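J.: 3D model of this:
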Amino acid sequence: MNGQASILIGNFRVGWLRVDPALVRGEGGSLSPAILVPGSIQLDPRETGQTIAITEMEAELILPAGAELALGPALGSPARVSGTRSQAGFWSSIPSSPVEHPVAFRFPLSREQVRLIEDHAQRLGDGQVPLGLRLYVAAAWLRQSENAPRPGPPGHPVAAATGLAADLWALQNAKVESLELRLRREDWTAQVLPGLGADEIRLIAVHLPAASSAIGSEAATAIDTARHRYDEGDYRGAVQACRDLRDAVADHLGADGKPIAERVGEKLALPADSPTRALLDNLWKTLSDLSSAAHHRQGRQLGQAEARAGVLIAATVVEYLTEILGPNSPAV
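T.: Next up, the predicted model:
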């Protein structure tokens with residue numbers, strides 16, 4: 001399925017941006033992941049004296065929010081394409097027929113953004129994967145273009161031998177419609193994910209708690225702190241933040257020294273042999289054993305592997321707690 005968006009000057013269409021979703025691909029691997037969106041700019045024929053030139057087009061990569069492309073968040077920095085590599089330095093219409101110019105938007109992504117995109121695709125099940133392009137364009141009226149020292153008098157300091165000279169008048173009301181691309185699941189799996197490094201690493205997304213969740217605002221802050229300290233290389237600090245998370249959850253749930261699994265079991269009226277109790281008890285004990293080390297002398301020996309394991313276990317625990325307690329569960 002081809003996607004296309006009108007290029008407009010005011011309310012008048014002067015061309016199209018066309019993108020085939022089947023050609024979208026990932027590249028760069030796990031070290032430098034990026035999504036590449038190839039396409040083409042087609043300019044409609046214009047009479048001599050009414051030539052339109054495109055000097056640059058910019059795109060933001062959007063994760064559509066439901067059916068609302070305009071409300072979706074932009075990922076990373078915008079990608080730009082321009083006609084500077086063409087002979088004239090811009091793309092322009094011609095009188096006789098439409099003219100098409102190939103372009104490619106490249107969107108570099110961080111690992112966190114790759115996780116967001118993969119989670120976005122997973123939440124859609126086996127359906128198509130929608131991605132959006134929010135677009136901007138710089139256009140001009142090509143008043144004059146010829147191999148001569150014009151505009152200017154015969155004694156113009158730029159000689160004709162210099163090459164093509166162009167007189168561009170910028171148009172202030174140029175725009176491009178936003179474009180939604182729906183990628184087939186098989187193309188997403190075969191062409192996008194491997195190029196982003198999904199064949200080298202496996203990304204698992206967890207939903208972190210909101211400040212208003214069942215485990216409280218301090219827990220939400222603590223998990224963010226743990227992640228940030230890990231990213232900064234403060235591995236002992238990351239594990240310490242996991243301990244702060246434990247304390248915040250226990251206080252919010254009113255555990256009063258009881259095991260967390262017991263307190264949650266009371267809140268949810270779970271039977272004593274409930275597998276939920278057993279799983280939560282084991283997860284919490286693992287998190288407690290690891291995070292307690294940060295307070296002791298051996299905490300100096302905590303490295304990247306231990307800190308990473310601690311942050312991942314903490315994130316898994318808080319997601320599990322939030323799921324079983326529910327977002328509006330009372331703390332009493």
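J.: the spatially closest residue to residue 244 that is not a sequence neighbour and residue 257: what is the separation?
T.: Counting by C-beta to C-beta, 6 or more residues apart in numbering, residue 244 lies nearest to residue 222, which is 4.6 Å off, once chain neighbours are set aside. Just so you know, the C-beta spots here come from the backbone N, C-alpha and C atoms, and that holds for glycine as well. Between residue 222 and residue 257 the computed distance is 20 Å (C-beta to C-beta, to the nearest Å).
J.: how about residue 52?
T.: Plainly put, residue 52 is 75 Å away from residue 257 if you go by C-beta to C-beta.
J.: neighbour count winner among these two?
T.: Using other C-beta atoms under 10 Å as the criterion, residue 52 and residue 257 rank with residue 52 on top: 21 against 6.
J.: assess the claim that that one and residue 41 are in contact.
T.: No - using C-beta atoms under 8 Å as the test, residue 52 is too far from residue 41 to be in contact (11.1 Å).
J.: give the intersection of the neighbour lists for the two.
T.: Common contacts of residue 52 and residue 41 (C-beta atoms under 8 Å, 6 or more residues apart in numbering): residue 15.
J.: pretty sure residue 244 contacts residue 225?
T.: Yes - in this structure, residue 244 is within contact of residue 225 by C-beta under 8 Å, at 7.2 Å.
J.: assess the claim that residue 265 and residue 275 are in contact.
T.: No - using C-beta under 8 Å, residue 265 is not in contact with residue 275, being 11.3 Å away.
J.: more neighbours: which of those two?
T.: Using other C-beta under 10 Å, the more surrounded residue of residue 265 and residue 275 is residue 265, with 19 against 9.
J.: what's in contact with the helix or strand where the more buried one lies?
T.: Secondary structure assigned from DSSP states H and E places residue 265 in helix 260-268. By C-beta under 8 Å, 6+ apart, the residues outside helix 260-268 that reach it are 249-250, 253-255, 270, 272, 274, 276-278, 280-281, 284, 321, 324-325, 329.
J.: for the helix or strand that comes right after it, packing partners?
T.: Once helix 260-268 ends, the next helix or strand along the chain (criterion: DSSP H and E) is helix 275-292. Helices and strands touching helix 275-292, as assessed by 3 or more C-beta pairs under 8 Å, 6 or more residues apart in numbering; DSSP states H and E, comprise helix 235-253, helix 260-268, helix 304-325.
J.: and the shortest one, how far out from the chain's middle?
T.: Per C-alpha atoms, centre = their mean, to the nearest Å, the displacement of helix 260-268 from the mean C-alpha position of its chain is 38 Å.
J.: buried set for it?
T.: Judged by neighbour count using 16 or more other C-beta atoms under 10 Å, the buried positions of helix 260-268 are 260, 261, 263, 264, 265, 267.
J.: and the first one, by the same measure?
T.: Using 16+ other C-beta under 10 Å as the test for burial, helix 235-253 gives 235-246, 248-250, 252-253.
J.: for residue 76, which of the helices and strands packed on helix 275-292 is the nearest?
T.: helix 304-325 (22.8 Å; C-beta to C-beta).
J.: of the helices and strands packed on helix 275-292, give the one that comes closest to residue 134.
T.: helix 304-325 (30.7 Å).
J.: elements contacting that closest one?
T.: Contact here means 3+ C-beta pairs under 8 Å, 6+ apart; on that basis helix 304-325 packs against helix 217-231, helix 235-253, helix 260-268, helix 275-292.
J.: out of those helices, nearest to residue 80?
T.: Nearest of these (C-beta to C-beta): helix 217-231, 28.3 Å.
J.: now the closest one: how far from the chain's centre is it?
T.: Counting by C-alpha atoms, centre = their mean, helix 217-231 comes out at 21 Å from the chain centroid.
J.: repeat that for stretch 312-327.
T.: Centre-to-centre, stretch 312-327 and its host chain are 24 Å apart (C-alpha atoms, centre = their mean).
J.: returning to what we had before: so the residue nearest to residue 244 sits against residue 250, correct?
T.: No - taking contacts as C-beta under 8 Å, residue 222 lies outside contact range of residue 250: 11.7 Å.
J.: can you list the weak-confidence ranges in the stretch 101-250 of the chain?
T.: For the stretch 101-250 of the chain, the stretches with pLDDT under 70 are 144-165, 199-213.
J.: ranges for the helices of it?
T.: Taking DSSP state H, counting those that start in this stretch, the helices of the stretch 101-250 of the chain run over residues 111-122, 185-187, 217-231, 235-253.
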